[in-house]
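Visitor: Any chance you could fold what I've pasted below:
(2 chains)
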Amino acid sequence: MKLKALNGFKDTLPGETPLWRRLEDLARDVFARFTFSEIRLPILEKTDLFARSIGAATDIVEKEMYTFPEKQITMRPEATASLLRAYIEHGLYVQKPVQRLFTIGPMFRHERPQQGRLRQFHQMDAEILGSANPRVDAELMAMGAMLLSELGLTVSLELNSLGCPVCRPGFREGLLVFLASRQEALCDDCRRRMHTNPLRVLDCKNPACRGIVEDAPSIQDHLCPDCRTHFVAVQDGLDQLGIVYSLNRFMVRGLDYYCRTTFEFITADLGSQSAVCAGGRYDGLVEELGGPKTPGIGFAMGMERLVLLLQKQQQPAAGAEVDLFIAGLGEAASRLCFSLMHRLRQAGARVMMDPDGRSLKSQMKQADKAFARFVLILGDAELERNTGMLRDMTTQEQQEVSLGDTRMLLDAIAA
RNA sequence: GUGGGCGUGGCCUAGUUGGUUAGGGCACCUGGUUGUGGCCCAGGAGGUCGUGGGUUCAAGUCCCAUCGCCCACCCCA
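Guide: Numbering: from 1, shown residues only, chains lettered A, B, ... in the order given. Prediction:
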């Protein structure tokens, strides 16, 4: 085999697209209930946009981006940066005080692929811009929870607050002191992480590190009054909506722009790629990118991960995608079938035929495999009378119908 | 970037201590009386055994290299 897709890039074959459709359709429906509007964004942006928003020192920006260096442009590794760029560029903030936006599409990161992680992957992103009210934090999480629940998935919600520029630096220093005192016992990665991003040590999966981190200071005890109030109110909002969650003081974010509320919906069924939806607040980011001071919060859902989970649950059999299969016997009949098929399609029916005019038995088999609900058989006998034999594939009943009036035929197969 | 595993027709796979035309299942095609599906039966098409070297009288089966894929770490959705 010579030509193949690139490593980490996958075709979604016809057998899988119904599941993707179901996911997208339900997501659009739930987002609509929460009065989110769709925004569609380009895949290429200036490299600088991502460096400034995600953080120049993050792994994503340092080594995982698909960049055309000579042009200084990059294929987006996530959607929030692009969305905020569009928000600022088009002055959406003057149109209404609070914007609720979602976008669905491919993202690109040059990582080593593994289960639930591709180089081209797809996310559904939802963002609320223009309100710092903890109520919208709860609302956004409720929306994620509703979608996941209606997909039939069992996930748990974990919540934390990362503080803000007022309180986080102090916590970070305290944490650093603590870690330095125990660094002999930390894993190699964490000794390195201590200096690049000490908060990351908190969610190291190494058992030894986990044990140490148990005794580390908690961000939740070091929030400034404003962040503390906000955090409490977020929890109150979740409680009001009946959203179950658990506090996780070890959960941090990989991207630089997050502050205050952070959350993840976690599954136990996907190996190490356990987060199917993650997000948080980023109150300083719009301003950082040159827009007005605007609070914001959002989440991203990994669609491949959701599809993997959906595939693990029992799937109902594929429904009929064909209303009518027209089986013609002989060239003359096939000619008639061809034009009849087109007229029925114009009238809205889903119709197919065998272009090669195989045996009737073969055509019946094809109709069966296509889950056609009806087969219309046209042979010499029917030709003479301008009729067709209409067979209901589920009841096996047949009746001769006139071809003179397509309306009647349509009614027959619509029943 | 670092580990581990695996590469046999479209898909899943059997292939003994290297030995005659590489088997099977699914899917596909054609039939099983004259114009009829889902079951069953028969027949058929489809494979340079990832690739390139090497050892050998002989390699899918051993050795080396190379490419590819998967899983895990890292990171993240």
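
Visitor: for the stretch 201-350 of chain A, what are the low-confidence residue spans?
Guide: For the stretch 201-350 of chain A, the stretches with pLDDT under 70 are A:314-320.

Visitor: which residue does it bring closest to RNA strand B?
Guide: Here the stretch 201-350 of chain A gets closest to RNA strand B at one residue, A:G254, 1.6 Å apart by CB to the nearest atom of the strand. Every residue, glycine included, has its C-beta placed from N, CA and C.

Visitor: Please confirm that that residue is located within a helix.
Guide: No - looking at A:G254 with DSSP: H, G, I helix; E, B strand; the rest coil, it is coil, so not inside a helix.

Visitor: Without its sequence neighbours, what residue ends up closest to it?
Guide: Ranked by CB to CB, 6 or more residues apart in numbering and with sequence neighbours excluded, the top spatial neighbour of A:G254 is A:T58, at 6.4 Å.

Visitor: Can you check the distance spanned by stretch A:378-393, start to finish?
Guide: Using CA to CA, to the nearest Å, the end-to-end distance of stretch A:378-393 comes to 16 Å.

Visitor: Would you mark the buried spots in that stretch?
Guide: A:378-379, A:382-383, A:387-391, A:393 (16 or more other CB atoms under 10 Å).

Visitor: quick one, strands of the stretch 51-200 of chain A?
Guide: With DSSP state E, counting those that start in this stretch as the criterion, the stretch 51-200 of chain A has strands at A:66-68, A:73-75, A:99-108, A:120-129, A:156-161.

Visitor: Those strands: which one's closest to A:W20?
Guide: Ranking these by proximity to A:W20 (CB to CB) places strand A:120-129 first, at 8.4 Å.

Visitor: hang on, the earlier thing: quick check: of the buried residues of stretch A:378-393, which lies closest to A:D411?
Guide: A:L390 (11.2 Å).

Visitor: Skipping its backbone neighbours, what lies nearest that closest one in space?
Guide: Excluding its sequence neighbours, the residue lying closest to A:L390 (CB to CB, 6+ apart) is A:V401, at 4.8 Å.

Visitor: Specify the local secondary structure of the one you found.
Guide: strand.

Visitor: before we move on, back to that, any chance of the strands of the stretch 51-200 of chain A in a markdown table, with mean pLDDT, mean neighbour count and distance to RNA strand B too?
Guide: Listed next are the strands of the stretch 51-200 of chain A as a markdown table, based on pLDDT from 0 to 100; neighbours: other CB atoms under 10 Å; distance: least, CB to the nearest atom of the strand, whole Å:
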| stretch | mean pLDDT | mean neighbour count | distance to RNA strand B |
| --- | --- | --- | --- |
| strand A:66-68 | 94 | 15 | 13 |
| strand A:73-75 | 96 | 20 | 13 |
| strand A:99-108 | 98 | 20 | 7 |
| strand A:120-129 | 97 | 23 | 4 |
| strand A:156-161 | 96 | 22 | 11 |
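
Visitor: can I get these in JSON lines with distance to A:L41?
Guide: As requested, the strands of the stretch 51-200 of chain A are exported to JSON lines (distance: least, CB to CB, whole Å):
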{"stretch": "strand A:66-68", "distance to A:L41": "16"}
{"stretch": "strand A:73-75", "distance to A:L41": "12"}
{"stretch": "strand A:99-108", "distance to A:L41": "6"}
{"stretch": "strand A:120-129", "distance to A:L41": "9"}
{"stretch": "strand A:156-161", "distance to A:L41": "27"}
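
Visitor: Which one of those strands lies nearest to A:L324?
Guide: Short answer: strand A:99-108, nearest of the strands of the stretch 51-200 of chain A by CB to CB, at 33.1 Å.

Visitor: Indicate each strand paired with the closest one and its parallel or antiparallel sense.
Guide: If you go by DSSP bridges, strand A:99-108 pairs up with strand A:37-38 (parallel), strand A:120-129 (antiparallel).

Visitor: residues in contact with stretch A:356-372?
Guide: Residues outside stretch A:356-372 that contact it (CB atoms under 8 Å, 6 or more residues apart in numbering) are A:318-325, A:327-331, A:334, A:352-354, A:375, A:377, A:379, A:393.

Visitor: can you list the residues of the stretch 101-250 of chain A near RNA strand B?
Guide: A:109, A:111-118, A:121, A:123, A:189, A:193, A:200, A:204-206 (CB under 7 Å from any atom of the strand).

Visitor: Confirm A:A327 sits in a helix?
Guide: No - with three-state DSSP as the criterion, A:A327 is assigned strand and is not in a helix.

Visitor: Can you name the helix or strand that the spatially closest residue to it that is not a sequence neighbour falls in?
Guide: In this structure, A:A327 finds its nearest non-sequential neighbour in A:Q363, 4.0 Å apart by CB to CB, 6+ apart. Assessed by DSSP states H and E, A:Q363 sits inside helix A:360-369.

Visitor: Report the mean per-residue pLDDT for that helix.
Guide: Here helix A:360-369 scores 95 as its mean pLDDT.

Visitor: for stretch A:391-411, same thing?
Guide: 91.

Visitor: Tell me the span between the first and last residue of it.
Guide: Using CA to CA, the two ends of stretch A:391-411 sit 14 Å apart.

Visitor: ok so, going back, got the phi/psi numbers for the residue of the stretch 201-350 of chain A closest to RNA strand B?
Guide: Dihedral angles of A:G254 (phi, psi; degrees, to the nearest 10) stand at phi -90, psi -20.

Visitor: That one: what's it in contact with?
Guide: By CB under 8 Å, 6+ apart, the neighbours of A:G254 are A:58-60, A:200.

Visitor: re earlier: would you point out the most distant pair within the buried residues of stretch A:378-393?
Guide: Greatest spacing in those, by CB to CB: A:L383 and A:M393 (22.5 Å).

Visitor: Counting neighbours, what do you get for the residue lying closest to A:F171 once chain neighbours are set aside?
Guide: The shortest distance from A:F171 to any non-neighbouring residue, by CB to CB, 6+ apart, is to A:H222 (4.2 Å). Per other CB atoms under 10 Å, the neighbour tally for A:H222 reads 18.
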